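1. Need coordinates for the following:
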Amino acid sequence: MNEQDFSFRLRNSRKSRLNVYLEPWGEAYVLLPGKHLRVEVRGPVGEAPNNMLQIESNEDGIIIWGWSGSGVTALTS
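-> Have a look, this model is predicted:
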């Protein structure tokens, strides 16, 4: 099975803390103003939309959804 992996950096440019959630794993992170979160993703290649990362923004923060068979990790800096 072919896999894809990538990473991106999320920066909190707000003046207040930002909640970041990794789903469906239920992991939660607090990103303070001016701080970064590196998000690393690995998972099976498939046909869209079944191989896509979904990122949602709401009043409570950012929600990052992995796809079936993927793994998402976050590293604060």
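
2. Give the buried residues for the strand or helix carrying Val72.
-> Secondary structure assigned from DSSP states H and E places Val72 in strand 71-76. Across strand 71-76, burial judged by 16 or more other CB atoms under 10 Å covers Val72, Ala74. C-beta here means a position set from N, CA and C on the backbone, and glycine is covered the same way.

3. what lines up beside it in the sheet?
-> Paired neighbours of strand 71-76 in the sheet (DSSP bridges): strand 36-44 (antiparallel).

4. how about the strands in the protein?
-> For the chain, the strands defined by DSSP state E cover 3-11, 18-23, 27-31, 36-44, 54-58, 61-65, 71-76.

5. Include mean pLDDT when you put those into TSV, please.
-> Output for these, formatted as TSV (pLDDT from 0 to 100):
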stretch	mean pLDDT
strand 3-11	94
strand 18-23	96
strand 27-31	96
strand 36-44	95
strand 54-58	95
strand 61-65	96
strand 71-76	92
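
6. Leu37 touches Thr76, doesn't it?
-> Yes. Contact criterion CB atoms under 8 Å: Leu37 and Thr76 qualify, at 5.7 Å.

7. shared neighbours of those two, which are they?
-> Tyr29, Leu31 (CB atoms under 8 Å, 6 or more residues apart in numbering).

8. Need the residues that contact stretch 47-67.
-> With CB under 8 Å, 6+ apart as the criterion, stretch 47-67 contacts 4, 10, 18-25, 39, 41, 43-46, 68, 70, 72.

9. who's in contact with Leu75?
-> Taking CB under 8 Å, 6+ apart, one finds Leu37, Arg38, Glu40 in contact with Leu75.

10. In contact with Gly34: list those residues for me.
-> So Gly34 contacts Arg11, Asn12, Ser13 (CB under 8 Å, 6+ apart).

11. Narrow these to just the buried residues.
-> Listed as buried from the contacts of Gly34 are Asn12; burial here means 16+ other CB under 10 Å.

12. Could you dump the contacts of Gly34 into JSON lines with distance to Glu56 added?
-> Converted to JSON lines, the contacts of Gly34 look like this (distance: CB to CB, whole Å):
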{"residue": "Arg11", "distance to Glu56": "17"}
{"residue": "Asn12", "distance to Glu56": "16"}
{"residue": "Ser13", "distance to Glu56": "18"}
